[in-house]
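Engineer: got a predicted model here, sequence first, then my questions.
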Amino acid sequence: MTRERGDILKDLMDGVFLMNEELVIKAANEIVANNYDAYDAINNGLIAGMNQAGVLFDKEEYFVPELLICSDAMYAGIEILRPHLKKSDKREQVKVVIGVVEGDTHDIGKNLVKIMMDAAGFEVHDLGRNVPLASFVEKAKEVNADLICLSTLMTTTMDGMATVIEMLKEEGIRDSYKVIIGGGPISQAFANKIGADGYADNAAGAIKVSRSLLAKAAA
Amino acid sequence: MTTTTAAIPKDTQGSLERVMCYLKGEKPQRVACFPLILNHAARVHGISVGTYNRNGKAMGQSHVSAFRRYGNDLILIFSTTSTLAEAMGTKMNFFEEDAPQIAESFIKQHSDLSKVKVPDFNKDGRLPVYMEATEVAVKEVGSEVCVSTVFGGPFTTAAALYPVEKITRELITNPKWVHELLEVCTQAGIKFIDEILARKALPIIVEPIGSASLVSPRHFREFVTPYLKRLSDHVHKVGGGMPAVLHICGKTTPNWQPMLESEFDIWSLDAVDLGQAKAAAGHRVALVGNVVPANLLKNSPEEIDAEARVICGKMGDKAGFILGSGCEVPINTPPENVDALINAARKYGRYDN
């Protein structure tokens, strides 16, 4: 029996949002078997579910464990659907370079931001943790990034963020990118001090700040 | 600002006496001040952070130097929250000018749990460094100031034995296994308490992985509270009147209720409103906090003074309040900012006028 597209999308969404990976896998396979549109299923099913999870995270109803399990379900669904995307589905995306600055290996915060950026439909280039500062600049130039996102949990490494901004200035390309910073010791005041464009206090906030900076840049 | 230097009243009460007033329920001359000086002690002593972290004598003497320099009311022997896990098999990376960080978690697969043992405090990891540092500090200044030794609580130790992103997922997918791991970590914590008490120091438990930046009150109650409570019970049982002290970094507000159920006597809090914490928990716990650590590194002494003054103001009658930093005093903090914090306790935390 063939189910309606809408019913399957609801399973994709609920499966992500309610941390039910099995339901997501079953529904994603159903999309494929019925030749429903994979792009539609990712956006209006999986990503919609992840964004609902993000809303609950913002409200402190979901915390890190819940968000991670939701993202596992989302990525499991994307894995099944991605081979069925059409060429015409490739759209212009916001490009992000993200990483934890040199000297710091704490990356759970950065990983949460990456998940929410994937869910926001951004093209995320994740440099990982303990990233040499020049690598942020090189990668941003290489992929023609819109955003550079820098994370750290430690006070010993926070000045590396200022160094990245200085490097961009020295190359005369500071205005080509929006720089967003976050992490335990980071504050709006520190962002202002080093001339970052934005500061976010959690993963959901990072998306809001990104969108607002990009909207301003486009205006 | 000319007022900051002119108006600092002199202490006529010593550090240990001041802190004992809290324990005896008497009014001290002024509120105590616990800047959480950890790896920063190496700077005061003029050695590298790497040496501090690997040499017990140097670590202990660094804290003696810091106490002589600043007159802080608590010495905290500490290098990282992962030291118990390190002694249980997790590998660390060491740096000359920074605290160690986890290089490789000990547990790779669930079956590795059977290899996790309560460590030997005389030989495993850097526990001998901590023990020697504690002994040095107690011997040299233990009659003048309270010496404490800080270690990771069960949940934090578990998340240093098994990667934090895996263990947080498994709170949902594999709770039974997580509880088994927490049991061993709790036994290690109880042993740590005994070792520290035997050296006449105060054991302090730090549980940053229980921060509300990571886990919900529901998970805190299930995976953190019961094990922390066993540690506080143990301190109460064998500590000869010592308080059970808990530090949790970052945001903790949503988790205060299950924290209360862990029955600690003193909370050291970080990125929260201390006035709110007093309203929510002040009837049961004394509070330490919470000048923003990054501000100690970046701001001026005048700004630290102003920030500390606001905090003191929030604490009303100051009962059960100790001024401090929200988390570790950054390694490269200018000494005059630590002075400003302690002077703020002298100025705004008075009981004798």
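Structural biologist: Perfect, thanks for sending it.
Engineer: contacts and neighbour counts: CA atoms only from here.
Structural biologist: OK.
Engineer: contacting residues for B:Val145?
Structural biologist: B:Gly14, B:Ser15, B:Leu16, B:Asp73, B:Leu74, B:Ile75 (C-alpha atoms under 8 Å, 6 or more residues apart in numbering or on different chains).
Engineer: how much space between it and chain A?
Structural biologist: 28 Å (C-alpha to the nearest C-alpha, to the nearest Å).
Engineer: quick check: closest non-adjacent residue to B:Phe339.
Structural biologist: For the record, residue B:339 is Asp, not Phe. B:Tyr70 (6.4 Å; C-alpha to C-alpha, 6 or more residues apart in numbering or on different chains).
Engineer: okay, now the closest residue to chain A within the stretch 201-350 of chain B: neighbour count?
Structural biologist: Nearest residue of the stretch 201-350 of chain B to chain A (C-alpha to the nearest C-alpha) works out as B:Leu214 at 5.1 Å. Using other C-alpha atoms under 10 Å in any protein chain shown, B:Leu214 has 23 other residues around it.
Engineer: report pLDDT for it.
Structural biologist: With respect to pLDDT, B:Leu214 has a value of 95.
Engineer: next: B:Ala7.
Structural biologist: 80.
Engineer: and what of A:Lys90?
Structural biologist: pLDDT, A:Lys90: 76.
Engineer: do the same with B:Thr2
Structural biologist: In this prediction, B:Thr2 carries a pLDDT score of 43.
Engineer: and for B:Ser114?
Structural biologist: In this prediction B:Ser114 is given a pLDDT of 98.
Engineer: equivalent analysis for A:Gln93, please.
Structural biologist: 89.
Engineer: where does it fall, helix, sheet strand or coil?
Structural biologist: coil (DSSP: H, G, I helix; E, B strand; the rest coil).
Engineer: equivalent analysis for A:Val96, please.
Structural biologist: Applying three-state DSSP: A:Val96 is strand.
Engineer: can I assume it is in contact with A:Ala120?
Structural biologist: No: A:Val96 is not in contact with A:Ala120 according to C-alpha atoms under 8 Å; the separation is 11.4 Å.
Engineer: looking at those two, which is more packed in?
Structural biologist: A:Val96 (26 against 19).
Engineer: worst mean pLDDT across the helices and strands of chain A, which element?
Structural biologist: Confidence across the helices and strands of chain A bottoms out at helix A:203-218, with a mean of 92, counting by mean pLDDT, DSSP states H and E.
Engineer: re earlier: buried ones from the contacts of B:Val145, can you make that a ChimeraX selection?
Structural biologist: A single ChimeraX command selects the buried members of these (16 or more other C-alpha atoms under 10 Å in any protein chain shown):
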select /B:15,16,73,74,75
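Engineer: turn the contacts of B:Val145 into a markdown table, including pLDDT, secondary structure and distance to chain A.
Structural biologist: Converted to a markdown table, those look like this (pLDDT from 0 to 100; DSSP: H, G, I helix; E, B strand; the rest coil; distance: C-alpha to the nearest C-alpha, whole Å):
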| residue | pLDDT | secondary structure | distance to chain A |
| --- | --- | --- | --- |
| B:Gly14 | 97 | coil | 32 |
| B:Ser15 | 98 | helix | 28 |
| B:Leu16 | 97 | helix | 30 |
| B:Asp73 | 98 | coil | 23 |
| B:Leu74 | 98 | strand | 22 |
| B:Ile75 | 98 | strand | 21 |
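Engineer: residues in chain A within reach of chain B, list them.
Structural biologist: A:60-66, A:68-69, A:105, A:108, A:155-156, A:184-186 (C-alpha under 8 Å from any C-alpha of the partner chain).
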